[in-house]
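*Asks:* Need the 3D shape of this:
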Amino acid sequence: MVEQLLIKDIDNCDVPDANLLVTEDDTPVDNLASAKQQRLLVGSLYSALQNQVFLAEANVGVYHTYGEPAIVPDVFVSFDVETPQNWWEKQNRCYLVWKFGKSPEVVIEIVSNREGEELDKKLQIYEKMRVSYYIVYDPHQNLGAEVLRIYSIQGRRYVETTDKWLEDIGLGVTLWNGEFEGRNDSWLRWCDQNGNVLLTGDERAKQAEKRAENAEVRAQLLAEKLKALGVDPDSI
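*Replies:* Here you go, the predicted model:
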C-alpha cells in the first residue's frame, strides 16, 4: 500500500511522486474467460478505429486521486490521449488521471463472482471520477437478473440506462453469439449505431478472403457463359 504520493516541488506545490506509485503488482487476471473477453473488446477497437486517437487497455491501473490507491478496471477507453513514447518510465506504466489530464470515457467491469463490488464501491469511484459511461457485464448473473448494466453520468451522479448506444463517444455495445479465438460463446462487443459489431483483425481478414473467393467464382461463371456463346474469355 502506498502511504505517501505527494512530494514538494521547487515552487512548494504538491505534485505526485510517480516513484511511490504501485504501477504493477503481478496479480493475474482472475479467469480465462475474462481475459479472452478483454482481448476481444480491446483488440476490435484498435482494429476498427485506426483513424482515431485513443487509449484502450485491460487490467491497467488507473490513479484517480492523490493519496488513494489505483483502481484496476477490466477494460477502459480514453479518447484523445496516446500511449507515452517511453512507457517503461515509472510515471508512464499506468494511467495517471492528472498526467493525461482527463478520466477515461468508458470503463467496463466483467463480473466473475459476487465479491468485486461492481455495483457499490467501484461504481462510486467511477462516478467520482466522472467517467462518462460505466458498463457492468455480468454474463452469469452473479449480481442479479441483468446481464448488462449501463450507467451514464448525468450531472454529478450515474443514471442507469437501457440505451446501448453511447452517444458521447459514437460507439455502442451489444451482446453477440459467435466464435472468438476458437471459442463459441456469448460475448460483449462494440457496435455501430445500426448494431453491426466492430470486427477484429482476424474477422476483417476472413471477410477479405471471402470477397476474393466470391470474385473468383463470379469470374469463372462469366468465363463459362462467354465460352457457351462462342467467345474466348482470354481474348477480351
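
*Asks:* What residues does G195 make contact with?
*Replies:* 172, 174 (CB atoms under 8 Å, 6 or more residues apart in numbering). Glycine gets a C-beta too; all of them are placed from N, C-alpha and C.

*Asks:* Show the pLDDT at it.
*Replies:* G195 is assigned a pLDDT of 96 by the prediction.

*Asks:* Next: the one 10 residues further on.
*Replies:* According to the predicted model, the pLDDT of A205 comes to 88.

*Asks:* For it, grab phi and psi.
*Replies:* Phi and psi for A205, reported as degrees, to the nearest 10, are phi -60, psi -40.

*Asks:* which residue ranges form the strands in the chain?
*Replies:* Under the criterion DSSP state E, the chain contains strands at 6-8, 14-16, 54-58, 62-63, 75-79, 95-96, 106-110, 133-137, 148-154, 157-161, 165-166, 171-180, 183-191.

*Asks:* Quick one: closest of those strands to L221.
*Replies:* strand 171-180 (30.1 Å; CB to CB).

*Asks:* Put the alpha carbons of the closest one into PDB.
*Replies:* Taking Å, rounded to 0.1, in the frame of the first residue of the first chain, the C-alpha atoms of strand 171-180 are listed here in PDB:
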ATOM      1  CA  LEU A 171     -20.000   3.700 -30.100                       C
ATOM      2  CA  GLY A 172     -22.400   1.200 -28.900                       C
ATOM      3  CA  VAL A 173     -22.300  -2.200 -27.100                       C
ATOM      4  CA  THR A 174     -24.200  -5.300 -27.800                       C
ATOM      5  CA  LEU A 175     -24.400  -9.000 -26.800                       C
ATOM      6  CA  TRP A 176     -23.200 -11.200 -29.600                       C
ATOM      7  CA  ASN A 177     -23.200 -15.000 -30.000                       C
ATOM      8  CA  GLY A 178     -20.400 -16.400 -32.100                       C
ATOM      9  CA  GLU A 179     -16.800 -17.600 -32.200                       C
ATOM     10  CA  PHE A 180     -13.800 -15.700 -31.000                       C
END
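
*Asks:* And that strand, what's buried?
*Replies:* Buried residues in strand 171-180, counted by 16 or more other CB atoms under 10 Å: 171-174, 176, 180.

*Asks:* Likewise for stretch 225-236?
*Replies:* Of the residues in stretch 225-236, none is buried (16+ other CB under 10 Å).

*Asks:* Give me the average confidence score over it.
*Replies:* Mean pLDDT, computed over stretch 225-236, is 80.

*Asks:* ok, residues contacting that stretch?
*Replies:* Here stretch 225-236 makes contact (CB under 8 Å, 6+ apart) with 222-223.

*Asks:* what about stretch 117-130, average pLDDT?
*Replies:* 97.

*Asks:* surely V106 meets G170?
*Replies:* No - the pair V106 and G170 does not pass the contact test of CB atoms under 8 Å, sitting 11.5 Å apart.

*Asks:* Looking at those two, which has the bigger crowd around it?
*Replies:* Using other CB atoms under 10 Å as the criterion, V106 and G170 rank with V106 on top: 27 against 12.

*Asks:* From I153, how far off is the closest residue in space to that one that isn't next to it in sequence?
*Replies:* Spatial nearest neighbour of V106, excluding adjacent residues (CB to CB, 6 or more residues apart in numbering): V77 at 4.3 Å. Computed as CB to CB, to the nearest Å, the V77 to I153 distance reads 15 Å.

*Asks:* what do you get for Y66?
*Replies:* When Y66 is compared with I153 (using CB to CB), they lie 22 Å apart.

*Asks:* And for P233?
*Replies:* Taken as CB to CB, the span from P233 to I153 is 62 Å.
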